[in-house]
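[1] coords please:
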Amino acid sequence: MTEILTPRLMLRRWHEDDLVPLSEINGDPEVMRWIGDGSVHDLDETAEDIERWEEEWDEEGFGVFAVELLGSGELIGAVGLSMPDYLPEVYPNVEIIWRLGRQYWGQGYASEAAQATLEFALQDRGLDRVVAINRAGNDESENVIRKLGMVLERDTTYPGQGHLLQIHSIDLTEYEA
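    Model (predicted):
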């Protein structure tokens, strides 16, 4: 079983009892406003998210982690690696993503988990390059991207939705510098 420990967090594969707490996070309009078309996900859609992420683990050897607080074991969100099939122009690059419950924002958890995930991608899984795709205006995610050392590559448009997306990247050489 793949697990990553940081000073405050455990990143791990998904458990059955993660569905309800993640569904609560996915049901918050503020959390979801920058993700996809901005709509909330119900319990069934959340189950589909987890199923898709677990399939990526099985097929790709990486995926999206459940993120829990050390000590309490409370699920605070999802951080990990995914194939950005919604944006074919960056495929086959691997995307780093994060989604935390609103009560955990502003405490450095997203940066902590994303940094551990980036290290996992480039050093453990042997990926040469990782991208982050951010909707323009999402300053909080932009801040995490900057902390990861990623640089803006280009702007593009979300297919079928028209949102301006910013594609950032980092490769192994830049990461090790």
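[2] centre of the chain versus the helix-or-strand element of the chain with minimal mean pLDDT, how much separation?
    Using mean pLDDT, DSSP states H and E, the weakest-scoring helix or strand in the chain turns out to be helix 172-176, at a mean of 89. Relative to its chain's centre, helix 172-176 lies at 20 Å (C-alpha atoms, centre = their mean, to the nearest Å).
[3] over to stretch 149-158?
    16 Å.
[4] can you name the residues in contact with the longest helix along the chain?
    For the chain, the longest helix by residue count, based on DSSP state H, is helix 43-60. The contact list for helix 43-60, computed with C-beta atoms under 8 Å, 6 or more residues apart in numbering, reads 2, 13-14, 18-20, 22-23, 26, 41, 62-64, 78, 80-83, 94. Every C-beta, even on glycine, is put in place using the N, C-alpha and C of the backbone.
[5] buried stuff in that helix?
    Within helix 43-60, the residues that count as buried by 16 or more other C-beta atoms under 10 Å are Thr46, Asp49, Ile50, Trp53, Glu56, Trp57.
[6] and the fourth one, what pLDDT?
    Per-residue confidence (pLDDT) for Trp53: 96.
[7] same question for the third one.
    According to the per-residue confidence, Ile50 scores 97 in pLDDT.
[8] now it: how far from Leu122?
    From Ile50 across to Leu122, the span is 25 Å (C-beta to C-beta, to the nearest Å).
[9] give me the secondary structure label for Arg99.
    strand (DSSP: H, G, I helix; E, B strand; the rest coil).
[10] give me the neighbour count for it.
    22 (other C-beta atoms under 10 Å).
[11] for it, what are its contacts?
    Per C-beta under 8 Å, 6+ apart, neighbours of Arg99: Ile25, Asn26, Val31, Ile35, Gly77, Ala78, Val79.
[12] of those residues, closest to Ala177?
    Val79 (23.4 Å; C-beta to C-beta).
[13] tell me the bridge partners for that closest one.
    Phe65, Trp98 (DSSP bridges).
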